[in-house]
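Asks: Let me see the structure of the following:
(2 chains)
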Number of protein chains: 2
Amino acid sequence: MATLWLFLGLTLLFLRGKTEARPVCMRFTVFKKENYSNEITSHRDLSLDFKEKYFKQILDHFNYNSLGNGTYDQRYLITDKYWKKGYGPIFFYTGNEGDISEFARNSGFMVELAAAQGALLIFAEHRYYGKSLPFGKNSFKIPEVGLLTVEQALADYAVMITELKEELGGQTCPVIVFGGSYGGMLSVYMRIRYPNIVAGALAASAPILSTAGLGDPRQFFQDVTADFEKFNPACRNAVQGAFQKLNTLAQQKDYIRIQSAFSLCKTPSSPKDIHQLNGFLRNAFTMMAMLDYPYSTHFMGSMPAFPVKVACEIMLNGTDLMSALRDTVGIVYNNTGELTCYDLYSLYVECADPTGCGLGFNSYAWDYQACTEIEMCFESNNVTDMFPAMPFTEQQREQYCSNRWGVVPRPGWLKTQFWGNDLSTASNIIFSNGDLDPWANGGIRKSLSPSLIAITIPEGAHHLDLRESNPADPESVIVARKKEAEIIAQWVKTARKEPF
Amino acid sequence: MATLWLFLGLTLLFLRGKTEARPVCMRFTVFKKENYSNEITSHRDLSLDFKEKYFKQILDHFNYNSLGNGTYDQRYLITDKYWKKGYGPIFFYTGNEGDISEFARNSGFMVELAAAQGALLIFAEHRYYGKSLPFGKNSFKIPEVGLLTVEQALADYAVMITELKEELGGQTCPVIVFGGSYGGMLSVYMRIRYPNIVAGALAASAPILSTAGLGDPRQFFQDVTADFEKFNPACRNAVQGAFQKLNTLAQQKDYIRIQSAFSLCKTPSSPKDIHQLNGFLRNAFTMMAMLDYPYSTHFMGSMPAFPVKVACEIMLNGTDLMSALRDTVGIVYNNTGELTCYDLYSLYVECADPTGCGLGFNSYAWDYQACTEIEMCFESNNVTDMFPAMPFTEQQREQYCSNRWGVVPRPGWLKTQFWGNDLSTASNIIFSNGDLDPWANGGIRKSLSPSLIAITIPEGAHHLDLRESNPADPESVIVARKKEAEIIAQWVKTARKEPF
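Replies: Okay, the predicted model is just below:
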């Protein structure tokens, strides 16, 4: 879903770079921090507020005689700093594909809302991510990895909420779940699956349709493209032109010029390497579109304010399209300016999610989820988007997943299990989406009923509304947060009258 | 939940009896068929209408890397005899703890309703029961048995419905699920879990509360007692008196007299044997209360019309309380009159369900479910009921289940997973219950909303309403079925407007 752990991956790469011999390569113009415009940063350090705890969690909720017949330590962060103990609501973040502290640091709206509404705050880490590895370093072996499913993660949260409420004396306190992206999907699922436990859900940028195989497989990269085109149609053309030049060189097998133009550490030597290069380049645009926030951020790596604008300025001001493209992706891969060349296979790993799985352990977990329940057969095609044609069919997915994990994906499963677009019986869910976010159109964009409320943030990127307030916030996100706060307060009030 | 397979078990016992030497024992008065009053029988042979088919079902819906990485053959019975093809609704029976043909034969109301409403009829067999054994004769080994869970069974039905609709050209046909007892629980769960697939549920005699650990553990045997007491308070006193006499003899360790009084094949020799005798006797009353239909039936064994009345007549007309009790339980254990003595450990097997698991393979499956998700710590105590005090605590359950299956039950799980009594967000469910049924008060007795409708059948035993029409039917079940038919027709009509 996102190269969330690119940040960590790059850090590791730098550390490794210091002990290994640097490959001989050309120096290239580096995109540096001083290029950042509108330098308002956001990186709330929540470590002072939150306590890190571990919950003894059932390993396998759905099989009493499996290898998972035991428990594991599930991490969560908690603060009762704002809680009207025993009365105030419980705001529960349904952790997604990463270290939970990263989500806590980047979901400041929940902290502000907890302060305003007297809530207990809990951020729960998703099994198989961060420090919640059920089998430690063996977690990604087969069959151990098999206990990584959406259903298990939801049951984790259901059990955790139930027991923590008891333990903390919050039995009658309404619970509202929050989540962004896949975490938003989990929030939706928690509300529809466990309305006995959860009174309402704020699902920010939750692509519940596109990840269930519903919709147009071209939508995602089309919408990434649209972000750059919206800034300036010439930007789209420049990017497309750069990819075409690369394609021409690739056709000519002029690998030396390609290495030179893109400052690659190693000379490419096959169509496979060119495919990897295309994926590496496309992925940078995905990241910049998703994280096109109006201030610099440290979420899924570091990003300047308005990265799409920054990218287009580089693309349009370069003397040569290919070197401009090389410098542009440096916003994502080389924001510290320390890299002297790109090591394609270290900086980007292709996986079952064409939008990226990131690097490291967390990327294994997300790849596995994309190989089983989460369907993301998105394609770029160079017609409806600016990228090279890179199909990813269900057949390709099946072959990859069978080789990599010994599993056969089950298309249609999420639609069966979590209702797809048949949400007529659901209630108390906010589906917020930003128009800048390429995930937005994979989610619910129109209200389905008075209690299934779609909120649009025209100037918003990927779950901007979950982030803490910032002076650079556009008016639309301020309005959205205000509306969300009012709806949530109302849910809490109603739930009090009909205590669970 | 019921000694459903007692019938099969007894048959096997007879067959065995013919090849083994009969134990020396006293002859005793046999309750014979000619004692049956009001002899209107009911035993619809549906074999002519239904086709038996097998569905290639996913073995493990919740783990892509488990031993269940494959498929099994799930049996279902189907008839399109009444279906307005491609338009009429689909009536789907969510099979419970037994051979599906038995439920099909005893749910004639569904056939009548299908004929009236132009529906396709499907009876799906529950995994690990009947002929739907995922691992054949190894299905009850550890760890193979681990794939027997409520969640897997529900996912089976969801996948089966989705694929059969496609295969049969019924994509837009609304699906209504039906079930009795545990099957009724599954119908409720299907509607709350998969409203994208199921438009409504008729849950007949579904004890969704008592099996989730909610309510009074004394309720079940108290209500069994109430049935006999309602017929005649003297009947209750007679039964209680007989058990007390047995208790006195047991205190005196007068095992010879006990064997004689109860025509046991073997002389009891320990408190364990007396405990087994008490369980055996109590179980007969459970069966008669549950199956107190106004005509003779062949469901969970053979039963005369009004078995509670028949039982009380024997209890009250006997010369000796203990021999009257012995003859009374013959209604259940010896309706053919072929037994000359009771072999306690063959006729009744104690398990994790104090209301009985029956005999044979199906009993293993139900015992396993009672050891994992389904909580039935019901007790008799000789105060609120007429039976000997036979506690069954959570601790006893845990010890038994750990020894028998290597599992630790998880109290509260059904409540977490299937909402317990927090049904405020559910809709389109009929909860029908009969006042004669000891399971009734473990279910939903009052309507919770205009679409969560409780129906009471004052003269009804265990899901009488699901049975075919019979001249002996009390007015109350005729009224109930009419109301159910109207509500279901309305659900179908509404679902057509909002096709799934």
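
Asks: Residue of the stretch 201-350 of chain A nearest chain B, please.
Replies: Closest approach between the stretch 201-350 of chain A and chain B, counting by C-beta to the nearest C-beta: A:Ala212, at 10.9 Å. Just so you know, the C-beta spots here come from the backbone N, C-alpha and C atoms, and that holds for glycine as well.

Asks: measure the residue lying closest to that residue once chain neighbours are set aside to A:Ala370 for me?
Replies: Closest residue in space to A:Ala212, ignoring its immediate chain neighbours: A:Leu414 at 3.9 Å, by C-beta to C-beta, 6 or more residues apart in numbering or on different chains. In this view, A:Leu414 and A:Ala370 are 12 Å apart by C-beta to C-beta, to the nearest Å.

Asks: the more surrounded of those two?
Replies: Higher neighbour count among A:Leu414 and A:Ala370: A:Ala370, with 25 against 22, using other C-beta atoms under 10 Å in any protein chain shown.

Asks: so which strand or helix has that one?
Replies: Assigned by DSSP states H and E, A:Ala370 falls within helix A:361-372.

Asks: Repeat that for A:Asp273.
Replies: helix A:271-290.

Asks: which helices and strands does that helix pack with?
Replies: helix A:219-231, helix A:233-251, helix A:255-262, helix A:307-317, helix A:321-333, helix A:344-347 (3 or more C-beta pairs under 8 Å, 6 or more residues apart in numbering or on different chains; DSSP states H and E).

Asks: Restrict the first one to CA atoms and write it as CSV.
Replies: What follows is helix A:219-231 as a C-alpha-only set of coordinates in CSV (Å, rounded to 0.1, in the frame of the first residue of the first chain):
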residue,chain,number,x,y,z
GLN,A,219,-7.5,4.3,-11.4
PHE,A,220,-4.5,4.5,-9.1
PHE,A,221,-1.7,5.5,-11.4
GLN,A,222,-4.2,7.7,-13.4
ASP,A,223,-4.8,9.6,-10.2
VAL,A,224,-1.1,9.8,-9.3
THR,A,225,-0.6,11.3,-12.8
ALA,A,226,-3.5,13.7,-12.3
ASP,A,227,-1.8,15.3,-9.3
PHE,A,228,1.2,16.3,-11.4
GLU,A,229,-0.9,17.2,-14.4
LYS,A,230,-3.1,19.4,-12.1
PHE,A,231,0.0,21.3,-11.0
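
Asks: residues from the stretch 351-500 of chain A in reach of chain B?
Replies: Within the stretch 351-500 of chain A, the positions near chain B by C-beta under 8 Å from any C-beta of the partner chain are A:371-372, A:405-408, A:410, A:412, A:415-417, A:419-420, A:422, A:424-425, A:427, A:498, A:500.

Asks: Rounded mean pLDDT for the helix holding A:Ala370, please.
Replies: For helix A:361-372, mean pLDDT rounds to 96.

Asks: Look up the closest residue to the residue of the stretch 251-400 of chain A at minimum distance from chain B, ignoring the ones flanking it.
Replies: In the stretch 251-400 of chain A, no residue comes nearer to chain B than A:Thr372, which is 4.7 Å away by C-beta to the nearest C-beta. Residue nearest to A:Thr372 in three dimensions, not counting chain neighbours: B:Tyr64, with 4.7 Å by C-beta to C-beta, 6+ apart.

Asks: can you give me the strands in chain A?
Replies: Taking DSSP state E, the strands of chain A run over residues A:41-42, A:51-58, A:71-79, A:90-94, A:120-124, A:175-180, A:200-204, A:296-298, A:302-303, A:429-434, A:452-457.

Asks: Which among the ones you listed is found nearest to B:Gln244?
Replies: Closest to B:Gln244 of these, according to C-beta to C-beta: strand A:51-58, at 44.9 Å.

Asks: Measure how far that closest one is from the centre of its chain, please.
Replies: Its chain's average C-alpha position is 23 Å from that of strand A:51-58, according to C-alpha atoms, centre = their mean, to the nearest Å.

Asks: Kindly calculate the angle that that strand makes with strand A:71-79.
Replies: Following axes from the mean of the first three to the mean of the last three C-alpha atoms, to 10 degrees, one obtains 150 degrees for the angle between strand A:51-58 and strand A:71-79.

Asks: Look up how far chain B lies from A:Gly434.
Replies: Relative to chain B, A:Gly434 is positioned 27 Å away (C-beta to the nearest C-beta, to the nearest Å).
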